[in-house]
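**Student:** sequence isn't available, so here's the structure alone:
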DNA sequence: TCTCGTAATGTAACCGGTTACATTGGCTCC
DNA sequence: GGAGCCAATGTAACCGGTTACATTACGAGA
């Protein structure tokens, strides 16, 4: 491997001059600069970033520690983080703790000296433990999880407010008896969404004991919950699922049962995964703005790295209601505009 | 920041002993080892991986350079890579070249000294340029792109074979006049899929001049192509889109036009994105096995890092046909089993 | 008791850059 | 012609670890 000393020797100068020339530093004669550049070119020298980081005490990269690397949530989050990181010339070092709290601590340790700051999303349980493992010396921002001691800045989405907004929307649409399908037992997102639902329903309809069925965020659990509702002949006219995948399972069972989603029964989800556009009928849901969550967190972290003394606090993003056909009430068939298209021509 | 020298001083030993104790090395007295461990604990010492990497000439991480960080393809790929990397205790350093060939070169340079090897997916154009930028000194594996000079090992999927299989499947199903909607002009995947389609169609039906419409992989372009087909009253009974998103757009337009997808006209895609399950009707497509692509590439790279002399060559993964309702011919309604479910109970 | 061998520990060089400080050399100005 | 100044360049320390080699300490055997 060719080092800066090789380049210096080749150009007949000292390593200091070589370093200066290659970094466009203050004062080097244009002639020597060119000579050094040419030598580097000739030897096809590529600087060793690891060594560079060590002396500069700066790595130009940030670590992203996530509970898993899976699906739409993950890719949207990274997209948002990357947009900001790229704008600031930063690389991304990824770490997956595979849902294991032990992994979390070792992942955070492994990042020491390789990144300038951390974006951490704790798994559901025992996140307090992880927060303590974060060295106070390395800047960090929590994703989707508020530190109760507020020692670590964080960015999250307003699950409770979002669920309230959705519940009010359903009631305004005329749905009155709404069932809620929750996520896994100790999932913070699910708990907050459920709390928002319960509160808003009480405020709008006076219902004090709404029907809540336990799911686990999977499509299958949404389907199962819906079968339960049907089998139990529950007196409901809408189902609010704590995430979209369960809502998809829910719609499937309703369609199989010949119950028209939208007209006969309303269905709503949460997250706005891409699939929500394309189901039949399309799914009413809350857009969780995951990419913006990632971007906001990255920006907060970059600010924190620049001024370690600043205490950026907590940012909460409001999700956005996406009203679609699964809560349309008066159903509009896709066929409505069929005639218009058929005027132009038909397939032979 | 507390260093290993601080720990050594605290424990009253030399840095060498401290290093040995903390790395479970050959010979240190249990007593001194414990003393050093305790000192490290007391000072909450975390080793500086950057410095460690420099001396060990080894970073325990691999770089992943992608044309973009977006959507399902990206997250599946990372999932596959991470599975293998995790099993070998490696971190992932991510880089996005934003479709820009210049970025590609600088991204690869920026990785020098920070990773033990590279997984590179070149953007469509000018990938030859990028391949030359790869220093022969750092092990690299190409994703989804074969190096014609075969200097760099690679992993790809058999787009041509996959398209052939799909085309034969459509013909077997009884579809005879099949139109193809292609991807962006100089996209390698699209070109290979089109070639497979053209060849298989000629072999099975004798058709020498199949109808091909240019799309760009977007949903809108699939819709537009379909409108064109309808407006032109083209004599076709199936549409094979070069990817799933275009097929989704295609199905939407057909549904709007009152043409029943599956029964009246067959539609097929390529990729098997999650949405393909959930469209109505569900979409027949080729599963591109993206996670396996990533995993195979990661494994190949790890082998290459272990034995730099080995030349692992090229691996091609065969995609898998997913026959669904969009090519069902005799359509089966979801309502078929409605009665069964309704026996159990109905919503009040 | 002394020598020797081995295990434990220490010293210092090294990885590949950056940069504070020292040195050199060319120029101006008296 | 010599003092003085400043820009260009060189020397060497340093970042925080690892490890080859040197040194020390200790126990066994004569």
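**Tutor:** Thanks, I have the structure now. Nothing here was measured: the structure is a model prediction, and the numbers come from that model. Numbering: from 1, shown residues only, chains lettered A, B, ... in the order given.
**Student:** contacts and neighbour counts: CA atoms only from here.
**Tutor:** Noted.
**Student:** just the element for residue A:294, please.
**Tutor:** Applying DSSP states H and E as the criterion places residue A:294 in helix A:290-306.
**Student:** does that helix reach chain B?
**Tutor:** No - remark: helix A:290-306 sits outside contact range of chain B, by C-alpha under 8 Å from any C-alpha of the partner chain, the gap being at least 10.6 Å.
**Student:** run me through the strand neighbours of the helix or strand that comes right after that helix, direction for each.
**Tutor:** Later in the chain than helix A:290-306, the nearest helix or strand by DSSP H and E is strand A:314-317. With DSSP bridges as the test, strand A:314-317 is paired with strand A:154-157 (parallel).
**Student:** who touches the strand it pairs with?
**Tutor:** A:141-147, A:288, A:293, A:296-297, A:313-319 (C-alpha atoms under 8 Å, 6 or more residues apart in numbering or on different chains).
**Student:** mean confidence for that strand?
**Tutor:** Averaging the model's pLDDT scores along strand A:154-157 yields 95.
**Student:** which residues of chain A lie near DNA strand C?
**Tutor:** Residues of chain A that fall close to DNA strand C, judged by C-alpha under 7 Å from any atom of the strand: A:1-5, A:15-17, A:19-20, A:22-23, A:46-49, A:51-52, A:54-56.
**Student:** show me the residues you listed that map onto helices.
**Tutor:** The helices, defined by DSSP state H, take in A:4-5, A:15-17, A:19-20, A:22, A:49, A:51-52, A:54-56 from the residues of chain A next to DNA strand C.
**Student:** quick one: low-confidence parts of chain A?
**Tutor:** Scanning chain A for pLDDT under 70 picks out A:125-126, A:150, A:331-348.
**Student:** could you pull out the helices for it?
**Tutor:** Under DSSP H, chain A gives helices at A:4-11, A:15-22, A:30-42, A:49-56, A:71-87, A:101-110, A:127-133, A:159-172, A:188-205, A:219-231, A:244-256, A:275-278, A:290-306, A:338-344.
**Student:** out of those helices, which is the most enclosed?
**Tutor:** Looking across those with neighbours counted as mean count of other C-alpha atoms under 10 Å in any protein chain shown, the highest average goes to helix A:244-256: a mean of 25.
**Student:** now it, how far from the centre of its chain.
**Tutor:** Mean-position distance between helix A:244-256 and its chain equals 24 Å (C-alpha atoms, centre = their mean, to the nearest Å).
**Student:** do I have it right that residue A:177 meets residue A:212?
**Tutor:** No - in this structure residue A:177 lies outside contact range of residue A:212 using C-alpha atoms under 8 Å: 11.5 Å.
**Student:** so for residue B:308, which of the helices of chain A sits nearest?
**Tutor:** helix A:49-56 (21.0 Å; C-alpha to C-alpha).
**Student:** got the residues of the stretch 101-250 of chain A near chain B?
**Tutor:** So far as C-alpha under 8 Å from any C-alpha goes, the stretch 101-250 of chain A lies against chain B at A:109-114, A:137, A:229-236.
**Student:** where does chain A come near DNA strand D, residue by residue?
**Tutor:** Contact residues (C-alpha under 7 Å from any atom of the strand) of chain A with DNA strand D: A:12-17, A:26-29, A:32-33, A:51, A:54-55, A:57.
**Student:** in the stretch 101-250 of chain A, which residue sits closest to DNA strand C?
**Tutor:** With C-alpha to the nearest atom of the strand, the shortest gap between the stretch 101-250 of chain A and DNA strand C falls at residue A:113, namely 12.6 Å.
**Student:** pull the contacting residues for that residue.
**Tutor:** Here residue A:113 is in contact with A:54, A:59, B:47, B:48, B:49, B:50, B:51 (C-alpha under 8 Å, 6+ apart).
**Student:** hang on, the earlier thing: near chain B too, which of the residues of chain A next to DNA strand D?
**Tutor:** Checking these against chain B (C-alpha under 8 Å from any C-alpha), the matches are A:51, A:54.
**Student:** ok, so of the residues of chain A next to DNA strand D, who is nearest residue B:172?
**Tutor:** residue A:51 (60.9 Å).
**Student:** excluding its backbone neighbours, what's nearest that closest one?
**Tutor:** Once flanking residues are discounted, residue A:51 sits nearest to residue B:54: 6.4 Å by C-alpha to C-alpha, 6 or more residues apart in numbering or on different chains.
**Student:** surely the one you found is in contact with residue A:53?
**Tutor:** No - using C-alpha under 8 Å as the test, residue B:54 is too far from residue A:53 to be in contact (10.1 Å).
**Student:** circling back: any idea which of the helices of chain A gets closest to residue B:330?
**Tutor:** Short answer: helix A:244-256, nearest of the helices of chain A by C-alpha to C-alpha, at 18.3 Å.
**Student:** for that closest one, name the packing helices and strands.
**Tutor:** helix A:219-231, strand A:266-268 (3 or more C-alpha pairs under 8 Å, 6 or more residues apart in numbering or on different chains; DSSP states H and E).
**Student:** counting by contacts, list what the last one packs against.
**Tutor:** Read that as strand A:266-268. Right, strand A:266-268 is packed against strand A:238-241, helix A:244-256 by 3+ C-alpha pairs under 8 Å, 6+ apart.
**Student:** let me have those in CSV, extended by distance to residue A:302.
**Tutor:** Putting the helices and strands packed on strand A:266-268 into CSV (distance: least, C-alpha to C-alpha, whole Å) gives the following:
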stretch, distance to residue A:302
strand A:238-241, 36
helix A:244-256, 32
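**Student:** thinking again about what came up before, measure the residue of the stretch 101-250 of chain A closest to DNA strand C to residue B:51 for me?
**Tutor:** 7 Å (C-alpha to C-alpha, to the nearest Å).
**Student:** quickly list what's touching both of those two.
**Tutor:** With C-alpha under 8 Å, 6+ apart, residue A:113 and residue B:51 have common neighbours residue A:54.
**Student:** which residues touch the residue lying closest to residue A:311 once chain neighbours are set aside?
**Tutor:** Closest residue to residue A:311 apart from its sequence neighbours, by C-alpha to C-alpha, 6+ apart: residue A:153 at 7.0 Å. Residues counted as contacts of residue A:153 (C-alpha under 8 Å, 6+ apart) are A:140, A:141, A:142, A:146, A:147, A:311, A:312, A:313, A:314.
**Student:** are any of these buried, and which?
**Tutor:** Taking 16 or more other C-alpha atoms under 10 Å in any protein chain shown as the criterion, what is buried in the contacts of residue A:153 is A:140, A:141, A:142, A:146, A:147, A:312, A:314.
**Student:** between the residues you listed, which is nearest DNA strand D?
**Tutor:** residue A:140 (18.8 Å).
**Student:** who touches the closest one in this structure?
**Tutor:** Per C-alpha under 8 Å, 6+ apart, neighbours of residue A:140: A:117, A:118, A:119, A:120, A:134, A:152, A:153, A:301.
**Student:** most neighbours of all these, which one?
**Tutor:** The residue in those with the most neighbours, by other C-alpha atoms under 10 Å in any protein chain shown, is residue A:118 (27 neighbours).
**Student:** distance of that one from chain B?
**Tutor:** Noted for residue A:118: a distance of 14 Å to chain B, by C-alpha to the nearest C-alpha, to the nearest Å.
**Student:** would you agree that residue is in contact with residue A:139?
**Tutor:** Yes - counting by C-alpha under 8 Å, residue A:118 touches residue A:139, with 6.3 Å between them.
**Student:** any residues in contact with both of the two?
**Tutor:** residue A:301.
**Student:** gap between residue A:38 and residue B:130?
**Tutor:** 21 Å.
**Student:** I'd say residue A:235 and residue A:176 touch.
**Tutor:** No - look at residue A:235 against residue A:176 with C-alpha under 8 Å: they stay out of range, at 10.1 Å.
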